[in-house]
Every structure is written in structure tokens, then in C-alpha cells.
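*Asks:* Predicted coordinates and the sequence they were generated for:
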Amino acid sequence: MLAEKMTENQLTLPDTVAAQFSEVRYFDISVEEECIVLKPIYNQKPDAIQQKMELLGISQQDIAEAVKWARQHS
């Protein structure tokens, strides 16, 4: 199966893949060697992502700086 990287770096999962994860809204994304790996995150409450960011030491200031950098380099 193929997935095309669209504008703004968006990928659309093929229907046959997406159907296997119909209950999933979020995926944890990593790169292993030269592969993009998507791991489904099941039953996450809205604040679970915030908690994960805190666990990783990512602050609101870090996010603001990353957004500013991205806007300057796009």
C-alpha cells in the first residue's frame, strides 16, 4: 500500500489500514532506522497528552518556541 505525503506534511491512511483502528484518534509516532512507526493510543483522556508532555519535560514555553521556529522556517 502507498500513502502520499500531502501539503502541510499530512498523510492519509489507506481505508484498509484505518478500518483496523476505527476506535483510535491518536498515534504515538517515532522513527526507527528509516521507518515511520505509528503506535495507536487507546482510551486516552484529553489530558493524557498533557501528562505525557510533562513526563517528557516539555513545557508550554517549549511548544511556543517550537511553533515560532516552525513559522519562521516554513
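*Replies:* Happy to help now that I have it. All of these numbers come straight from a predicted model, not from anything done at the bench.

*Asks:* Which helix or strand in this protein has the lowest average pLDDT?
*Replies:* For the chain, the helix or strand with the lowest mean confidence is helix 48-55, at a mean of 81 (criterion: mean pLDDT, DSSP states H and E).

*Asks:* Run through the neighbouring helices and strands of it.
*Replies:* Identification of packing neighbours for helix 48-55 by 3 or more CB pairs under 8 Å, 6 or more residues apart in numbering; DSSP states H and E yields no helix or strand. Where C-beta positions appear, they are placed from N, C-alpha and C, glycine not excepted.

*Asks:* Recalculate using a threshold of 10 Å.
*Replies:* If you count contacts as 3 or more CB pairs under 10 Å, 6 or more residues apart in numbering; DSSP states H and E, helix 48-55 packs onto strand 26-32, strand 35-41, helix 60-72.

*Asks:* out of these, deepest packed?
*Replies:* With neighbours taken as mean count of other CB atoms under 10 Å, these reach their highest mean count in strand 35-41, at a mean of 12.

*Asks:* Need the contact partners of that one.
*Replies:* Strand 35-41 is contacted from outside by 3, 11, 13, 17, 20-21, 23-31, 48-49, 52, using CB atoms under 10 Å, 6 or more residues apart in numbering.

*Asks:* give me that answer again for 6 Å
*Replies:* 21, 24, 26-30 (CB atoms under 6 Å, 6 or more residues apart in numbering).

*Asks:* quick one: which of these is nearest residue 66?
*Replies:* Closest to residue 66 out of the contacts of strand 35-41 is residue 29 (15.3 Å), distances taken as CB to CB.

*Asks:* Which pLDDT does the model give the nearest residue to that closest one once chain neighbours are set aside?
*Replies:* In this structure, residue 29 finds its nearest non-sequential neighbour in residue 38, 5.8 Å apart by CB to CB, 6 or more residues apart in numbering. Residue 38 is assigned 93 on the pLDDT scale.

*Asks:* what's the domain layout of this protein?
*Replies:* Following automatic domain parsing, one finds the domains of the chain at 1-43, 44-74.

*Asks:* related to what we said a few turns ago, what separation is there between the residue nearest to residue 29 and residue 48?
*Replies:* 17 Å (CB to CB, to the nearest Å).
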